[in-house]
Structure formats: C-alpha cells, structure tokens
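Here is my input, please return the structure:
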Amino acid sequence: MTKYLIQRLITAVPTLLAISAVVFIILALAPGDPMAEFGSNPNIPAEVRQNIRRQLGLDDPVHVRYVKWLTALLQGNWGYSFASRMGVFELILQRLPTTLYVVGTAYVISVLIAVPVGVISAVKQYSVLDHVITTLTFIGFSLPTFFTGLLLIIIFSVKLRWLPFIYSTTLQGEGLGLVWEYIKQAIMPVTVLALFQAASLARFVRAAVLDVIRLDYVRVARAKGLGEAQVVLRHVLRNALIPVVTLVALNTPAVFTGAVITEQIFRVPGIGSLLIASIERSDTPVVMAITFIYAVLVVVFNLIADVLYGILDPRIRFD
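Model prediction:
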C-alpha cells in the first residue's frame, strides 16, 4: 500500500505542474487587464500605472511570471489579489466557511438521499415506486440549477415572502434567533444543490445496484435463506458502492471550491462567486490559487477513492 501511495503521489506532481502551467498561460493570453481600473482613473498618472505594473511583474514574459508564481507558492506565499489588495490565502480563508456550510451541507444531504433512494429503486425495479423515483430523478437531473434557483426565489421569496433570496454574512441578532436566520437563508441554495446532486447520484446508485443484484452469488445468498434486507446490505450494497465511491470522491472537491452558478444566483459569498469575480477582473493570483486547490483536491480524492476500493472489495490489491 505504501509503495502504491508513493507512486501515485510522484505521478501527481507533473500532472499538477502541467495543469497550473496551462491555466496560467490561458489567463495570461486572455483579454483583460488587472490594471484596467487604474487606467480609467484620471487621477493616476501613466508613469504611476507603469510603475505598479512593473512592481507586480505584469510586464515580464509569461514563463518568467509563471516561474515566479510557482516559486512563491512552493515557499508558502500565495501572493496578493490585484483587486482587493489582500493576501490570496486570507481572501480564500474568508470565503471558505460559507462555501463549506452551504455546499458541504447540500452534498451530505444529497448523498444521504441518493443512496437509499437508488437502492430502493433498484430493488423494486419496474414497480410503481421505481417509475416514480426514476421520473423524479430524471426531472431533477434535467433541470439546471439556475432554473430551480430562480423558481424557488419566485415562490418562497417573492410570492410567499418566507425566505430571503440574498445570502448575508452580516446578520444581526443573538442566540437561537440568529442561528435560525442563518439556517433560513441557506435553505434555498442548499435545496437547489442537494436536489440536483441527489438526482444524478441516485441514478448512478440504481444502475450500480442493478449490475450487482443479478449476479450468481446474490442468488446463492437468497437460496441460503437470508432475508432480502441482509442480502442487499451485506452482499449487494458493499460491491455496488465501489463505482459510487468514485463519483462521490470526484464530486467532493466541489465542496471546497463552491458552486459557481448557485452562489451567483443567491449572492452567496463563497469561493465560487470569488472565482467568477476574479476572472472578470483578471485577478490572476486568486484564479490560479483556486484552480490549483481544485486540482490538488481532485488528485487527493482520486487517491482516497482508490484506497477505499481495497476496503470495500478485498479482491483488490495494490501490490
């Protein structure tokens, strides 16, 4: 196992370097100037703007800028945002709790819904319940999050006035009242993300269970007199979860990097909305940091998924 982990980590290094280089070059070649706001200010002389560009290294060749960025990153220096003049690490750290609260809660809820729903749909294949679940998951998967988000805003914010449609991190109050206000403003974005993710994951769980439930060893388990619940939980679910683990692991990095569309709709001040704002402002340090974090998380959770394979299926060996 240790040798396998070391090999995977060594392989991940050139992968991450290639991703960071490609993203950096794309950002460098993309239209837009991080100093545009200074250019529109007549009170800032041209020589001052040029001096700022020189200090930030924006006049250096792309490969020189990339090497400087990578060297600083390896030294623990994430750089400073061109737009907010804050440290990139501090800026991301400000947004991370909100993203983890909203997106993380939605992801946990979606998994808790999708796994039992997918299993029930597979066990009751072609029944009325299966048709209902399949129809609902198809609808949930087909509707984009921006549509369901706007629909919930119209119903629960505009018409019924039950829930706020703008997420705020500066709520006033104390005690349970303040806790309820934070819960209330997160209900709609969490619902939008949870329903979409649960619908797509439930379909995958159903397909995985159906592939396993027809195998010979499941028929043997039933022939031995085991109850259906024991057969499903002890023999079917464990093997069916192997491909599901991959999907869950690959989607987990999104918990840390935010849901871009949903955060924009509900004005959630998370990392997803920070990424969009930084791209619009050509704020390269922030975009590079968020992108690199996402790439690292994808590599790490792929590795975690591989390790879980060996736990779920003893036949898998890493030697």
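
And the helices in the stretch 201-319 of the chain, which stretches?
Per DSSP state H, counting those that start in this stretch, the stretch 201-319 of the chain carries helices over the ranges 216-223, 228-230, 237-251, 253-257, 260-265, 271-280, 284-312.

er, the stretch 51-200 of the chain I mean
In the stretch 51-200 of the chain, the segments counted as helices under DSSP H, counting those that start in this stretch are 62-74, 88-99, 105-123, 128-142, 145-152, 175-213.

The ones you listed: which one's closest to Pro253?
The minimum distance between Pro253 and those falls on helix 105-123, with 10.6 Å, by Cβ to Cβ. Every C-beta, even on glycine, is put in place using the N, C-alpha and C of the backbone.

want to try CSV for the helices of the stretch 201-319 of the chain, with mean pLDDT and mean neighbour count as columns?
CSV is the format used below for those (pLDDT from 0 to 100; neighbours: other Cβ atoms under 10 Å):
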stretch, mean pLDDT, mean neighbour count
helix 216-223, 82, 12
helix 228-230, 79, 11
helix 237-251, 80, 18
helix 253-257, 80, 20
helix 260-265, 87, 21
helix 271-280, 88, 21
helix 284-312, 84, 19
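
between those, which gets nearest to Val123?
helix 228-230 (7.4 Å).

Show me the residue at the heart of this protein, geometrically.
For the chain, the residue nearest the mean C-alpha position is Ala254 (0.8 Å; Cα atoms, centre = their mean).

That one contacts Ala106, doesn't it?
No - taking Cβ atoms under 8 Å as the contact criterion, Ala254 and Ala106 are not neighbours in contact, 9.9 Å apart.

Report the helix or strand with the lowest average pLDDT across the chain.
When each helix and strand of the chain is scored by mean pLDDT, DSSP states H and E, helix 36-39 comes last, with a mean of 59.

Turn the helices of the stretch 51-200 of the chain into TSV, including distance to Leu226 and mean pLDDT.
Putting the helices of the stretch 51-200 of the chain into TSV (distance: least, Cβ to Cβ, whole Å; pLDDT from 0 to 100) gives the following:
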stretch	distance to Leu226	mean pLDDT
helix 62-74	55	89
helix 88-99	44	91
helix 105-123	14	92
helix 128-142	23	91
helix 145-152	41	91
helix 175-213	13	90
